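>>> When you get a sec, could you give me coordinates for this:
(2 chains)
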There are 2 protein chains.
Amino acid sequence: MTIKVGVIGGGQLARMMIGPAIELGLDLRVLAETTDSSARDRATAVGDFRDLDTVVRFAQDVDVITFDHEHMPADILVALEKTGVAVRPSSAALAVAHDKIVMRRILDELGHPVPVWAVAESVTDVTGFLEAHGGRIIAKLPRGGYDGKGVAVVTDASQVTEWLDRGPVLLEEAVDFSRELAQLVARRPSGETVVWPAVETTQANGVCAEVILPAPTDDGRLIDVAAELGRQIANDLNVTGVLAVELFETADGRLLVNELAMRPHNSGHVTIEGSVTAQFEQHLRAICDMPLGSTDSRHPWAVMVNVFGAMDLGRYSRLTQYGDVKLHNYGKEPRAGRKVGHVTATGTVAADTASRARAVAEIFHTDI
Amino acid sequence: MTIKVGVIGGGQLARMMIGPAIELGLDLRVLAETTDSSARDRATAVGDFRDLDTVVRFAQDVDVITFDHEHMPADILVALEKTGVAVRPSSAALAVAHDKIVMRRILDELGHPVPVWAVAESVTDVTGFLEAHGGRIIAKLPRGGYDGKGVAVVTDASQVTEWLDRGPVLLEEAVDFSRELAQLVARRPSGETVVWPAVETTQANGVCAEVILPAPTDDGRLIDVAAELGRQIANDLNVTGVLAVELFETADGRLLVNELAMRPHNSGHVTIEGSVTAQFEQHLRAICDMPLGSTDSRHPWAVMVNVFGAMDLGRYSRLTQYGDVKLHNYGKEPRAGRKVGHVTATGTVAADTASRARAVAEIFHTDI
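Next up is the predicted model:
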């Protein structure tokens, strides 16, 4: 009566589910893109996730399907559900996360706080929105973006013409935010929902670089407001599994929803050491409809820093002064700017904890 | 330049190395006994570890060999080293742990505290030792014992005749101990040695049932004395990897060495949640000669309780009140008395932490 969990996509998120799946006694299977995918150790199939036959064949012998990324075509998700396998999160929930215009529309309808937004179908639309919002706005491709790709700061409508040729473009006010936060939530089909304390995230070139758990704040309500917002969105959208709600904290103290991700998320890697239950274990428990684990913190502070470029074992010998910093190597070939791993430090003083994590990430830093 | 680590033996110790190996970026390979061994996910070979050809073939394509159990024949270990592969711990170190008579002799020569002991080759020897030690002694088979097997309380020499037919038997005074402790140590080839705080272990029917980290004590020196003893033994015996030193604490406050195990050990499972660096990650770092990780505790108390018999997923639904207790399922078929998993609770009050771990273990308890 082992539960068979199928993960579509063989990236680092699938990879980091392997350890927890073993400890829980689940049979984890991965449909990987290539034989050298990050999660290759559990790749029971290699193929194209955009090919219906490949996906249906992979799903035939598993009890529940989940995802390593958000690039699944909607029609494949719907067809998959028709085969009778449990798809978690569901195609209906994922439809909201996968299209940024749908996401904005639905969050707005539900009354959740979002930046001012509009859909542009023409240069005239863009020009109008630019004039109404101070001549500097954000444009987003509705689909397929990640790690800053498909997002642009726009000051002239001509910057968006190429995107408009491909279809409608989401426009948003350039939010005057003081910092970015993320609220991680987990929800199981029977409805139980748990939240971790909100984290502060720091981006570099549009890519998550650093995460602090919990988000430093003097305002005790901030953590509660973010938690309640995350919990409501997970319930409203009927999410199963982990949901990451990326948030802007505005200069005037409001929280606005930036993005949603219905899967374990870079902002949650810090929970591996920082929390009693890591997001990867929790995602598996949630999609298998097991009771969820405690989201209490194990340490006053935990800081995660991404490693870009290369994370080679040869550098490990330089880590003698950092025995408390934990390494997560994604098993990827080196490439400039590529997320190849992350490190996490835990401690009782936020600044010291952060500097130790940064120092280790710097040891791995390579300009390729 | 991925390091390939070969583990001989596919039990739960090899299984619990899989997650840490992935995160460190190591290529873990297991020579398993059967295709349904606990560590089957990484079984790249299935065969008999007592067959030289099988072992040498497995070792051909790895950088370092280590072990899931202590049943390796000495001649195979020596032959393996001759092939040039790094064997960690070495055959010389393992020779001390694998034969209890050798272990007693060498620890005694090194001046480490051990129970009064003798080697019996005849019934007369046993009778003499019985008379000298109050008519109640411990007899041990020198090799092959585990989990209480090969150990007997002896009040009459006739109890040992069958063992004597097979060769010399180790005799020990029945130590008047107040409790049992274990000292976990890790040492890398370059000599760096780290110790975790000593734990208290509770046996049931000769099998480890429960472990508390750290060992409760009002005497601050106890932890230091145990740590120094563990560190010295690891250095004296030139151990690489994790060493568990099982200890008796006597009624008059002394520590005596009971057993040695040169591998991750049941008494160290509690470090997975309880410590910054778990014994499985540390063993891998040590045998790969990487800098060792911090052995600081993440929580004031951590308590591990073994699960015997069956640990089926169907029971997981009963765990709603125990979100802080972590499960480790060994993926084994149910069998009466078999160690099939363990659970660990962490907290700030020892008694409460222990009762929560026990409650979850009890949920899984099955009389088969």
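
>>> Helices of the stretch 151-300 of chain A, start to end?
A:161-166, A:220-236, A:271-274, A:279-287 (DSSP state H, counting those that start in this stretch).

>>> Out of those helices, which is closest to residue B:251?
helix A:271-274 (40.3 Å; C-beta to C-beta). No exception for glycine: its C-beta is placed from N, CA and C like everyone else's.

>>> Rounded mean pLDDT for that closest one, please.
Throughout helix A:271-274, pLDDT has a mean value of 98.

>>> And the contacts of it?
Helix A:271-274 is contacted from outside by A:16, A:184, A:196, A:213, A:277-280, A:282, A:295, A:297-299, A:302, A:326, A:328, A:344, A:346, B:276, using C-beta atoms under 8 Å, 6 or more residues apart in numbering or on different chains.

>>> So which bits of the stretch 51-200 of chain A are right by chain B?
Within the stretch 51-200 of chain A, the positions lying close to chain B (C-beta under 8 Å from any C-beta of the partner chain) are residue A:194.

>>> Show me the shaky parts of the stretch 51-200 of chain A.
Within the stretch 51-200 of chain A, the ranges that satisfy pLDDT under 70 run A:146-148.

>>> From the centre of chain A, point out the most distant residue.
For chain A, the residue at maximal distance from the C-alpha centroid (C-alpha atoms, centre = their mean) is residue A:124, at 33.4 Å.

>>> which parts of the one helix or strand it maps to are buried?
Using DSSP states H and E, the element containing residue A:124 is helix A:123-132. Across helix A:123-132, burial judged by 16 or more other C-beta atoms under 10 Å in any protein chain shown covers A:125, A:126, A:129, A:130.

>>> I'd like the distance between the first one and chain B.
For residue A:125, the distance to chain B (C-beta to the nearest C-beta, to the nearest Å) stands at 47 Å.

>>> Please name the nearest non-neighbouring residue to the residue nearest the centre of chain A.
Centrality entry for chain A: nearest residue to the mean C-alpha point is residue A:265, 2.8 Å, by C-alpha atoms, centre = their mean. Spatially, and ignoring its direct neighbours in sequence, residue A:265 is nearest to residue A:244 (3.4 Å; C-beta to C-beta, 6 or more residues apart in numbering or on different chains).

>>> burial measure for that neighbour, as a count.
By the criterion of other C-beta atoms under 10 Å in any protein chain shown, residue A:244 has 24 neighbours.

>>> swap in residue A:53?
When neighbours are counted by other C-beta under 10 Å, residue A:53 comes out with 9.

>>> give me the element it is part of.
Residue-wise, residue A:53 maps onto helix A:52-59 under DSSP H and E.

>>> now swap in residue A:352 and tell me
Counting by DSSP H and E, residue A:352 is found in helix A:350-364.

>>> That helix and chain B, any residue contact?
No - figure legend: helix A:350-364 not in contact with chain B (C-beta under 8 Å from any C-beta); closest approach 10.9 Å.

>>> What helices and strands are in contact with that helix?
Where contact means 3 or more C-beta pairs under 8 Å, 6 or more residues apart in numbering or on different chains; DSSP states H and E, helix A:350-364 is packed against strand A:207-213, strand A:301-308, strand A:339-347.

>>> For chain B, find the nearest of these.
Minimum separation from chain B across the helices and strands packed on helix A:350-364 (C-beta to the nearest C-beta) falls at strand A:339-347, 7.1 Å.

>>> Which elements pack onto that closest one?
helix A:271-274, strand A:301-308, strand A:326-329, helix A:350-364.

>>> As a markdown table, those with mean neighbour count would be great.
Output for the helices and strands packed on strand A:339-347, formatted as a markdown table (neighbours: other C-beta atoms under 10 Å in any protein chain shown):
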| stretch | mean neighbour count |
| --- | --- |
| helix A:271-274 | 26 |
| strand A:301-308 | 25 |
| strand A:326-329 | 24 |
| helix A:350-364 | 19 |
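
>>> Between these, which one is closest to residue A:174.
Short answer: strand A:301-308, nearest of those by C-beta to C-beta, at 24.8 Å.

>>> Give the pairing partners of that closest one; include direction for each.
strand A:207-213 (antiparallel), strand A:339-347 (antiparallel) (DSSP bridges).

>>> Please save the CA atoms from the first one in PDB.
It refers to strand A:207-213. In PDB, the C-alpha atoms belonging to strand A:207-213 read as follows (Å, rounded to 0.1, in the frame of the first residue of the first chain):
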ATOM      1  CA  VAL A 207      15.900  36.500  -9.700                       C
ATOM      2  CA  CYS A 208      15.500  35.400  -6.100                       C
ATOM      3  CA  ALA A 209      18.900  35.700  -4.400                       C
ATOM      4  CA  GLU A 210      18.300  35.600  -0.700                       C
ATOM      5  CA  VAL A 211      15.500  34.700   1.800                       C
ATOM      6  CA  ILE A 212      15.200  35.400   5.500                       C
ATOM      7  CA  LEU A 213      12.900  33.500   7.800                       C
END
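
>>> Give me the contacts around stretch A:47-62.
So stretch A:47-62 is in contact with A:4-6, A:8-9, A:29, A:31, A:33, A:44-45, A:65, A:71-73, A:75-76, A:79-80, A:83, A:85, going by C-beta under 8 Å, 6+ apart.

>>> List the buried residues in it.
Those would be A:47, A:49, A:54, A:55, A:58, A:59, A:62, for stretch A:47-62 by 16+ other C-beta under 10 Å.

>>> How about the residues of the stretch 201-350 of chain A by chain B?
Residues of the stretch 201-350 of chain A lying near chain B (C-beta under 8 Å from any C-beta): A:273, A:276-277, A:290-294, A:296, A:298-299, A:311-314, A:316-317, A:319-320, A:322-324, A:326-331, A:341, A:346.

>>> among these, which are in strands?
A:326, A:327, A:328, A:329, A:341, A:346 (DSSP state E).

>>> care to break chain A down by domain?
A:4-87, A:116-173, A:177-364 (automatic domain parsing).

>>> Now which of the contacts of stretch A:47-62 would you call buried?
Of the contacts of stretch A:47-62, these count as buried by 16+ other C-beta under 10 Å: A:5-6, A:8-9, A:29, A:31, A:33, A:44-45, A:65, A:72, A:76, A:80, A:85.

>>> Pick out the most distant pair among those.
A:33 and A:85 (20.4 Å).

>>> Among the buried ones among the contacts of stretch A:47-62, name the ones in strands.
Checking those against DSSP E, those in strands are A:5, A:6, A:8, A:29, A:31, A:44, A:45, A:65.

>>> Using TSV, please lay out those residues together with distance to residue B:142.
Shown next, in TSV, are those (distance: C-beta to C-beta, whole Å):
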residue	distance to residue B:142
A:5	46
A:6	49
A:8	54
A:29	45
A:31	51
A:44	45
A:45	50
A:65	53
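
>>> where does the stretch 251-368 of chain A have low pLDDT?
For the stretch 251-368 of chain A, the ranges with pLDDT under 70 are A:367-368.

>>> Over to residue A:22: give its phi and psi.
Phi and psi for residue A:22, reported as degrees, to the nearest 10, are phi -60, psi -50.

>>> returning to what we had before: will you turn the buried residues of helix A:123-132 into JSON lines that also has distance to residue B:99?
Listed next are the buried residues of helix A:123-132 as JSON lines, based on distance: C-beta to C-beta, whole Å:
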{"residue": "A:125", "distance to residue B:99": "82"}
{"residue": "A:126", "distance to residue B:99": "80"}
{"residue": "A:129", "distance to residue B:99": "81"}
{"residue": "A:130", "distance to residue B:99": "82"}
